[in-house]
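> A predicted structure for the sequence below; I have some questions about it.
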Amino acid sequence: MSRRTPAQPSAPAPAGASTSGTPAPAQTTTATPDRASTPWPVRLGYAATAWSALYAVLGLFWTAGGPGFPFGPGHDPTRFESVLGSVPADVAAPALAAFGILGAALGLAATRALAAGRTLGRAAPVFAGYAAVSALALLVVVPDRRVLMLVAYAPILAGIGLYVLVTGSSMPHIVDPGLWTVTHQAVFVLGGLAWAGLAVATARRYRAACLACGRTPGRVSRWTTPAAAARWGRWAVGLAVVVPLVYAATRWAWALGVPLGIDEEFYRQGKQDGMWMAGAALASLGILGAILTLGLVQRWGEVYPRWVWFRAGRTVPPKVAVVPAALVSVIVTSAGLEYWRLIQRPEFAEQWWATMGPELLWPLWGAGLAAATLAYHLRRRGSCRTCGQA
């Protein structure tokens, strides 16, 4: 009687092998776009497209006579502040609608190309240039100094409100700055940031650079190295510190009773209206900003110092410095450009060198702060998590 041997279970065939005895066809892997590096460009691209679509609809609505147009005669209470102050609604509204329609169409096409991992071909440099010009207009041309005033005076007004609440005194009269207009200007700044990001992402894709960090494999730009950024970043910080201190010196001189660069009558009038104390408060914020700007090249800008007791010794996340500094550089530049327009007006022709002279330097402040922020980013970005380049 023969004894049967139990059948042994067969081992599983390795991947790619055939159980029929014939070689299995090799499995191929299709390259897919580097989706790990595309989220922020795609999100910004869709944000720029949505912003353009929104103002395309609003522009058409205002063109048809709808209420709420924020710019120009009859709509902006202090229209001399705005570069669009003299443009009537029946001209500006259709132009805004056309700008929005074009932006929505081009933005969607560029964003879909980024999401698919392809370029716009020869059209990429043209689109990147269009996006950059659009961003520049939205960031620093259309907005004016009222955006800076809204940001700077917010903590001051909060303090005044607290004082009124505690003491029961009356709230001081505040002139309407055109809040509806300023709100749209702030939204324009947000749209400009989205368009700037889309311009950068499109240019990086065209150069076959990493979308996340902008580095190109096998190519190193000397000015972007941490050592180089540390050198030119110090000069940029120096510029971004000196300009606000010059402004603060004039405002505090007036607050302390020194009529620097102005006549006695104008000084007395400003003192009675409380202008000089308000200017000193704004100048104090400028001094604080100058001190914080030093952190872009100091050790305490990278590691929290002891006087920040609740975070002492911990690493400062780069975005904590980069994001606010970048925003301030934008709104300071737009405010400074307005002062160059204002000195052309007859009512501001007298004594302008003292009342507006320091503000004429604000575009340099904005440019210096933007460069210092970029240098800080380049020094601290480290190795890219997407492409691995250092």
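Noted; the coordinates are in hand. Only a predicted model underlies this, so the values are computations on that prediction, with no experimental measurement involved.
> roughly how far out does the helix or strand that contains Ala249 sit from the chain middle?
Assigned by DSSP states H and E, Ala249 belongs to helix 226-255. Computed by CA atoms, centre = their mean, to the nearest Å, the chain-centroid distance of helix 226-255 equals 19 Å.
> and if you look at stretch 302-312?
Relative to its chain's centre, stretch 302-312 lies at 26 Å (CA atoms, centre = their mean).
> swap in stretch 340-350?
28 Å.
> C-alpha coordinates for that stretch, PDB please?
Provided in PDB are the C-alpha atoms of stretch 340-350 (Å, rounded to 0.1, in the frame of the first residue of the first chain):
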ATOM      1  CA  TRP A 340       4.600 111.300  -4.900                       C
ATOM      2  CA  ARG A 341       1.200 112.000  -6.500                       C
ATOM      3  CA  LEU A 342       0.100 114.300  -3.700                       C
ATOM      4  CA  ILE A 343       3.100 116.700  -3.900                       C
ATOM      5  CA  GLN A 344       1.900 117.500  -7.500                       C
ATOM      6  CA  ARG A 345      -1.300 119.000  -6.100                       C
ATOM      7  CA  PRO A 346      -1.400 122.800  -5.300                       C
ATOM      8  CA  GLU A 347      -2.900 122.400  -1.800                       C
ATOM      9  CA  PHE A 348       0.100 120.300  -0.800                       C
ATOM     10  CA  ALA A 349       2.800 122.400  -2.500                       C
ATOM     11  CA  GLU A 350       3.800 124.400   0.600                       C
END
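> what angle separates the following helix or strand past the helix holding Ala249 from helix 226-255?
Helices and strands here follow DSSP H and E; after helix 226-255, the next one along the chain is helix 264-273. Put simply, helix 264-273 runs at 90 degrees to helix 226-255, going by axes from the mean of the first three to the mean of the last three CA atoms, to 10 degrees.
> coming back round to it: list the buried ones in the helix holding Ala249?
229, 233, 236-237, 239-241, 243-244, 247-248, 250-255 (16 or more other CB atoms under 10 Å). C-beta here means a position set from N, CA and C on the backbone, and glycine is covered the same way.
> try stretch 82-89
For stretch 82-89, by 16+ other CB under 10 Å, it's Ser82, Val83, Leu84, Gly85, Val87, Ala89.
> helices along the stretch 1-150 of the chain, start to end?
Assigned by DSSP state H, counting those that start in this stretch, the helices in the stretch 1-150 of the chain fall at 39-63, 89-116, 123-136, 145-167.
> pLDDT of the third one, averaged?
When you say that, I think you mean helix 123-136. Here helix 123-136 scores 96 as its mean pLDDT.
> between that helix and helix 89-116, how big is the angle?
Using the same axes, to 10 degrees: helix 123-136 against helix 89-116 is 130 degrees.
> what comes into contact with helix 123-136?
48, 99, 103, 106-107, 110, 120, 192-193, 195-196, 198-199, 202-203, 205-206 (CB atoms under 8 Å, 6 or more residues apart in numbering).
> report the angle between the axes of it and helix 39-63?
60 degrees.
> please apply the same query to the second one.
Calculated by the same axes, to 10 degrees, helix 89-116 forms an angle of 160 degrees with helix 39-63.
> show me which residues of stretch 65-82 are buried.
Phe69, Pro70, Phe71, Gly72, His75, Asp76, Arg79, Glu81, Ser82.
> ok so, going back, going by distance to Gly218, which of the buried residues of stretch 82-89 wins?
Closest to Gly218 out of the buried residues of stretch 82-89 is Val83 (44.3 Å), distances taken as CB to CB.
> tell me which element Gly366 falls in.
With DSSP H and E as criterion, Gly366 is part of helix 362-380.
> what is that helix packed up against?
helix 226-255, helix 318-342 (3 or more CB pairs under 8 Å, 6 or more residues apart in numbering; DSSP states H and E).
> save these as JSON lines, and put in distance to Thr63 and mean pLDDT too.
Listed next are those as JSON lines, based on distance: least, CB to CB, whole Å; pLDDT from 0 to 100:
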{"stretch": "helix 226-255", "distance to Thr63": "41", "mean pLDDT": "95"}
{"stretch": "helix 318-342", "distance to Thr63": "26", "mean pLDDT": "95"}
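> let me have the ones you listed in TSV, extended by distance to Ala375.
As requested, those are exported to TSV (distance: least, CB to CB, whole Å):
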stretch	distance to Ala375
helix 226-255	3
helix 318-342	11
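> out of those helices, flag the one nearest Thr293.
helix 226-255 (4.9 Å).
> in the stretch 151-300 of the chain, which ranges drop under the pLDDT threshold?
156, 159-161, 163-164, 168-176 (pLDDT under 70).
> still on that earlier bit, to Leu138, which of the helices and strands packed on helix 362-380 lies closest?
Taking the helices and strands packed on helix 362-380 one by one with CB to CB, helix 318-342 is closest: 9.8 Å.
> tell me which other helices or strands the strand or helix carrying Ala196 touches.
Using DSSP H and E, Ala196 sits in helix 179-206. For helix 179-206, the packing partners by 3+ CB pairs under 8 Å, 6+ apart come out as helix 39-63, helix 89-116, helix 123-136, helix 145-167, helix 318-342.
> would a markdown table of the ones you listed with distance to Leu285 be doable?
Shown next, in a markdown table, are these (distance: least, CB to CB, whole Å):
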| stretch | distance to Leu285 |
| --- | --- |
| helix 39-63 | 29 |
| helix 89-116 | 33 |
| helix 123-136 | 26 |
| helix 145-167 | 5 |
| helix 318-342 | 10 |
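> select, out of the ones you listed, the one closest to Thr216.
helix 123-136 (15.1 Å).
> the closest one to helix 179-206, inter-axis angle?
160 degrees.
> may I see the buried residues of helix 123-136?
Ala123, Ala124, Phe127, Ala128, Tyr130, Ala131, Ala132, Ser134, Ala135.
> do the same with stretch 104-115
Under the neighbour-count criterion of 16+ other CB under 10 Å, stretch 104-115 has Ala104, Leu106, Gly107, Leu108, Ala110, Thr111, Ala113, Leu114, Ala115 buried.
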